[in-house]
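Engineer: Sharing a model prediction with you, sequence too.
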Amino acid sequence: MGDKPITNRNRTSLMRKIYQNRYLLLMLSPGVIYLIINNYIPMLGSVVAFKSINYALGYWKSPWVGFDNFKFLFNSSDAWVITRNTILYNLVFIVLTLVSAVTFAILLNELRNRFFSNLYQSVMFLPYFLSAVVVGYLGYSMLSQEFGFINTIILAPLGIDPISWYSEPKYWPFILPIVYIWKNVGYSIVIYLAAIISIDKEYYEAAITDGATKWQLIRNITLPSIRPMMIILTLLAIGHILNADFGLFYQLPLDAGALYSTTNVIDTYVYRALLRLGDTGMSSAAGLYQSVVGFVLVVSVNFVVRRIDKENALF
Amino acid sequence: METTTSASYPLQDRSSTARRKQKDVLAVSPQTNFILNGLFIIYGCLCLLPILLVISVSFSDEKSIALHGYKLIPLKFSLSAYKYLWFDIHSILTAYGISILTTVAGTAAGLIMTALFAYPLSRKDFHFRGIFSFFIFFTMIFSGGLVPWYLMYANVLQMKDTLLALIVPGLLMNAFYVIIMRTFFQTTIHPSIIESATMEGASEGRILVQIIAPLSLPVFATIGLFYSLGYWNGWYNSLIFINNDEIINLQYMMYKVLMNLQFLLANAQAGSGPSSTEIANLPNESVRMAMCIVGTGPMVFAYPFFQKYFVKGLTVGAVKG
């Protein structure tokens, strides 16, 4: 009995709040509509993973099949291969990026000439701006069996037979990380270098007065100062360990079928299953598996980050 | 208070000269500096090697490629690859046109939507701030995956083989950029400015356009750059939504040529196009690389100009949700 007037008052106060903020809400509306179309409806639409799509019946009327699509997926060898590839490659990428970006950033900061330091930084950042298609071209120029740089200029003079890079899966666990670092390390260098530059010089001066060596300065001042950033960036990358760089894994191997055992990752698998094979069931099951496990990972990583350093937690 | 500050001036002066001397102590020795420079030059050259190789091959004579493979300096200089591309100038210009159009339209629309979303979120007195912050943040940590997203655009909105498919799906508004812009508004624009403008009777739209935007030009430049790079380098939407040969942007054309060279000449018009013997003698390898240069060249020339803004944007600071 006594509740009714209160809810009414709440409702009118909510209406009033909406009215007071009507212009701000109006500003938000294009973005909200876009997010609903681009993100929220597809989130709900991920239930197609539990259906067996029959094009004659349409998406709504197609029958529910429970976890059948997932059973098919996990009974095939594909699920294991794509999960293994995605996680192992990403782990290698994370470690290599951390080590090389921090090393490069520290060394760049040590250079005496600012001009050269900036020049090197620009050169290392350039590949980041090339599209994956261009990376495919550059890879082809190096790896083409008949004419490629590696076969004709490096291996031929050494008397080694040309290697058919695009049909031998065993080389790709080395090629992909090299290209990944070449393309992406510049980005991480920028971030770490900014962190190193912002370290207060007085720490170094004090340490020098106490007779510290260069190596001690790096180990006891530089590295501890950028440690929070190293931890955060690494943990965030671990949170996205199930999301592969589609461009790298699709364009660089030129979509060569012979290489799938070492180049197929969840993202390329979902794409091929959907658009090449038209297999909505398998592809949506793989996609939903990726999203859900990825979500759990991000949330747990964030939990860890919060415990280490609340300031840097994502949420 | 004032006396102490003025008294500390000479002290500060002394310490800054001392710092200048110290700086030399902090720097590495000339020998180490020399070695470091050498290492960076070697690594830098390795980074640029494939790019130089592609440029060289595009200017090489096809016969010398067939005999000796790709070389860093053309054994025999030739422009024939570019001459062959000239036959297809019409499709190349169309691809350029589509890339420019989608980049300009997408960047403009994306920037406007980002600013319109970021501004309310930056207002501490906005009553629904929390709800909408979560609304956009959640899209960053959970997605429905490719399949329902594809079905939404291809089947529900019927965007397949349209220009909109290159602009709208996935690229139009990036949650991450919204949060960068919101953080920028929050940290650089004092609430009292907005408060006094409201007191003077300015509407929210006017505050955003006439007060916030002019004060935030750096972040607009950076985010605009992020968007335009995404559109210019975009090929993923084409791969997924484009099946006809009418709407091919530059990256997708490059992709198709890399996968199958014949794509280039399939579109050339009869009569003005190459004769059948010319097609038979197509300089395969050099034409392919010339296509890469024609498609990427302008981007690389613009690189020094936008790199600086990009670096600034990356270091805008904390991007907290």
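Structural biologist: Looks like it came in fine.
Engineer: Please make it C-alpha for all contacts and neighbour counts, starting now.
Structural biologist: Will do.
Engineer: residues touching the residue nearest to residue A:299 when sequence neighbours are not counted, list them.
Structural biologist: Take residue A:299 and drop its neighbours on the chain: the residue closest to it by Cα to Cα, 6 or more residues apart in numbering or on different chains is residue A:239, 7.8 Å away. Residue A:239 makes contact with A:294-295, A:297-299, A:301 under the criterion Cα atoms under 8 Å, 6 or more residues apart in numbering or on different chains.
Engineer: For PyMOL, write the select line for the buried members of the residues you listed.
Structural biologist: Applied in PyMOL, the following selects the buried portion of the contacts of residue A:239 according to 16 or more other Cα atoms under 10 Å in any protein chain shown:
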select buried, chain A and resi 294+295+297+298+301
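Engineer: nearest to chain B, of the contacts of residue A:239?
Structural biologist: Set against chain B, the nearest of those by Cα to the nearest Cα is residue A:295 (5.8 Å).
Engineer: from memory the closest one sits against residue B:138, does it?
Structural biologist: No: with contact defined as Cα atoms under 8 Å, residue A:295 does not count as touching residue B:138 (10.0 Å).
Engineer: so where's chain A shaky on pLDDT?
Structural biologist: Low-confidence segments of chain A, defined by pLDDT under 70, are located at A:1-9, A:312, A:314.
Engineer: Could you rerun that using 80?
Structural biologist: Where chain A drops to pLDDT under 80, the residues are A:1-11, A:54-61, A:305, A:308-315.
Engineer: Following the helix or strand harbouring residue A:204 in sequence, what is the next regular element?
Structural biologist: Secondary structure from DSSP states H and E places residue A:204 in helix A:201-209. Once helix A:201-209 ends, the next helix or strand along the chain (criterion: DSSP H and E) is helix A:214-217.
Engineer: Need the contact partners of that following helix.
Structural biologist: Here helix A:214-217 makes contact (Cα under 8 Å, 6+ apart) with A:204, A:207, B:28.
Engineer: So which of those wins on neighbours?
Structural biologist: Tallying neighbours with other Cα atoms under 10 Å in any protein chain shown puts residue A:204 at the head of the contacts of helix A:214-217, with 22 neighbours.
Engineer: Could you pull up the residues touching the residue sitting nearest the centre point of chain B?
Structural biologist: With distances taken as Cα atoms, centre = their mean, the residue of chain B nearest its centroid is residue B:229 (1.9 Å). Residue B:229 makes contact with residue A:129, according to Cα under 8 Å, 6+ apart.
Engineer: Tell me how far it lies from residue B:303.
Structural biologist: 11 Å (Cα to Cα, to the nearest Å).
Engineer: top helix in chain B by residue count?
Structural biologist: In chain B, ranked by residue count with DSSP state H as the criterion, the top helix is helix B:89-122.
Engineer: So is it next to chain A?
Structural biologist: Yes: against chain A, helix B:89-122 shows contacts by Cα under 8 Å from any Cα of the partner chain at B:113-114, B:116-117, B:120.
Engineer: residue ranges of the strands in the stretch 1-150 of chain A, please?
Structural biologist: Taking DSSP state E, counting those that start in this stretch, the stretch 1-150 of chain A contains no strands at all.
Engineer: Could you check how far whichever strand or helix holds residue B:196 is from the centre of its chain?
Structural biologist: Using DSSP H and E, residue B:196 maps to helix B:191-199. Averaging C-alpha positions (Cα atoms, centre = their mean, to the nearest Å) puts helix B:191-199 35 Å from its chain's average.
Engineer: Take stretch B:150-158, keep the C-alpha atoms, and write them as CSV.
Structural biologist: The C-alpha atoms that make up stretch B:150-158 are tabulated as CSV, following Å, rounded to 0.1, in the frame of the first residue of the first chain:
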residue,chain,number,x,y,z
TYR,B,150,27.8,-11.3,-40.3
LEU,B,151,24.2,-12.4,-40.4
MET,B,152,23.1,-9.0,-39.0
TYR,B,153,24.8,-7.1,-41.8
ALA,B,154,24.4,-9.5,-44.6
ASN,B,155,20.9,-10.8,-44.0
VAL,B,156,19.1,-8.4,-41.8
LEU,B,157,20.4,-5.1,-43.1
GLN,B,158,21.2,-6.5,-46.6
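Engineer: Could you list the buried residues of it?
Structural biologist: Neighbour-count burial for stretch B:150-158, counted by 16+ other Cα under 10 Å, picks out B:150-154.
Engineer: related to what we said a few turns ago, common neighbours of residue B:229 and residue B:303, please.
Structural biologist: By Cα under 8 Å, 6+ apart, residue B:229 and residue B:303 have no common neighbours.
Engineer: and the stretch 151-300 of chain B, which residues reach chain A?
Structural biologist: By Cα under 8 Å from any Cα, the residues of the stretch 151-300 of chain B that approach chain A are B:152, B:169-170, B:173, B:204-205, B:229, B:233-235, B:240, B:251, B:254-255, B:258-259, B:289, B:292, B:296.
Engineer: What is the neighbour count of residue 108?
Structural biologist: Assuming you mean chain A. 22.
Engineer: Switch to chain B, please.
Structural biologist: Using other Cα under 10 Å, residue B:108 has 16 neighbouring residues.
Engineer: And residue A:307, by the same measure?
Structural biologist: Residues lying near residue A:307 (other Cα under 10 Å) number 11.
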